[in-house]
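A.B. asks: Below is the sequence, then the predicted model.
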Amino acid sequence: MGITQNYKLNTIQWYPGHIAKAEKQLKEQLKLVDVVLEVRDARIPVSTHHPQLQEWIGNKSRVLVINRFDMILPQTKQAWINWFKRQGEVPYYTNAQHGQGVPAVLKAAQAEGVQLNERRKSRGMLPRPVRAVVIGFPNVGKSALINRILGKRVVESAARPGVTRSLRWVRISDELELLDAPGVIPLKLQNQDAAVKLAICDDIGDASYDNQLVAAAFLDIISYLEAVAPELLPKQALNERYKLDPTEHTGEGYLHALAEHRYKGDVERTARQLLTDYRKGFLGQIPLEIPTQFSGDE
């Protein structure tokens, strides 16, 4: 959907050096593994899938992990499960912070190992543990998932990409070894719609963007989704939180009205506060993508 297309094309700007480095590191990690655990954000499960991912993974097995399911409503989660099923995919939903859904992810990764060892056996090779890596965009919850799988905090969680040391394998079971360094997907996207959603969710890592443009786009997205799928969003989330009805406003108009209403006309502060409130869940379980948007895609 072209919800954010009226925003400047250069709303999000990346630093090429970081992107090149991240891609090189990711490719080195992928060479070493049999199974990729791809982590996406439940609020934006399409935008947190990189269009080049399949090319990078090649013929390796992939387990699709949708993290932060606690940040969307149960009916939104179910709608996405049905959508993924139609795409021939089985998503594993997790709340990595609290460990929900993690055992099922482990089971899926180990099942891929069984297939790997059947192929090895057919070629006269001995079985070995399957090697897995957790990959995804910055801040989607990769380190939290790794920590849960390992059962102890051995990965430094940080709200910025690249806080990992030299590669280290950790034996999870007789069937599975996990690389303790998360693979960060390099984040240069041609699709500005997806980039804006990543910025709203703070899944974007090393990039610069205009908070006011991103906050206005966020408000426009909410307004659009409330119109097409009100049952998948909490009722009147903005009005409940800020006591200011968004109905008569564009995203930009509401941002300015809210600045006058709550923050002494300071639009930048308002934009930051709005984004922070969303990221912390203070606005309720609001998705930024719903399956009907993508019914004709993929």
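C.D. replies: Yep, it's here.
A.B. asks: Please enumerate the strands of the chain.
C.D. replies: In the chain, the segments counted as strands under DSSP state E are 12-14, 35-41, 61-67, 91-94, 130-136, 169-171, 176-179, 183-184, 207-209.
A.B. asks: The stretch 101-250 of the chain: helices as residue ranges?
C.D. replies: With helices called from DSSP state H, counting those that start in this stretch, the stretch 101-250 of the chain shows them at 102-122, 142-150, 192-200, 211-228, 237-242.
A.B. asks: ok, back up a step: which one of the strands of the chain lies nearest to residue 201?
C.D. replies: Closest of those to residue 201 is strand 35-41, at 5.6 Å (criterion: C-beta to C-beta). Bear in mind the C-beta positions are built from the backbone N, C-alpha and C, glycine included.
A.B. asks: what bits of the stretch 101-250 of the chain have low per-residue confidence?
C.D. replies: Along the stretch 101-250 of the chain, segments meeting pLDDT under 70 span 152-166.
A.B. asks: Pull up the gap between the residue of the chain most remote from its centre and residue 249, please.
C.D. replies: Farthest-out residue of the chain from its mean C-alpha position, per C-alpha atoms, centre = their mean: residue 124, at 40.0 Å. Using C-beta to C-beta, to the nearest Å, one gets 69 Å for the distance from residue 124 to residue 249.
A.B. asks: In contact with residue 172: list those residues for me.
C.D. replies: 106, 149, 150, 178 (C-beta atoms under 8 Å, 6 or more residues apart in numbering).
A.B. asks: so the last one touches residue 147, yeah?
C.D. replies: No - at 10.9 Å, residue 178 and residue 147 do not qualify as touching, with contact defined as C-beta atoms under 8 Å.
A.B. asks: When the two are compared, which one has more neighbours?
C.D. replies: More neighbours surround residue 178 than the other of residue 178 and residue 147, with 27 against 21 (other C-beta atoms under 10 Å).
A.B. asks: Contact partners for that one?
C.D. replies: Contacts of residue 178 by C-beta under 8 Å, 6+ apart are 131, 132, 133, 134, 146, 149, 150, 169, 170, 172.
A.B. asks: Check these for burial and list the buried ones.
C.D. replies: Among those, those buried by neighbour count (16 or more other C-beta atoms under 10 Å) are 131, 132, 133, 134, 146, 149, 169, 170, 172.
A.B. asks: Break this protein down into its domains, please.
C.D. replies: Residue ranges for the domains of the chain, per automatic domain parsing: 12-184, 194-294.
A.B. asks: Next, the distance between the ends of the last one.
C.D. replies: For domain 194-294, the first and last residues are 13 Å from each other (C-alpha to C-alpha, to the nearest Å).
A.B. asks: cool, the first one as well?
C.D. replies: Using C-alpha to C-alpha, one end of domain 12-184 lies 18 Å from the other.
A.B. asks: And the residue nearest the centre of the chain, how far from residue 237?
C.D. replies: In the chain, the residue lying closest to the centroid (C-alpha atoms, centre = their mean) is residue 41, at 2.8 Å. Distance, residue 41 to residue 237, by C-beta to C-beta: 18 Å.
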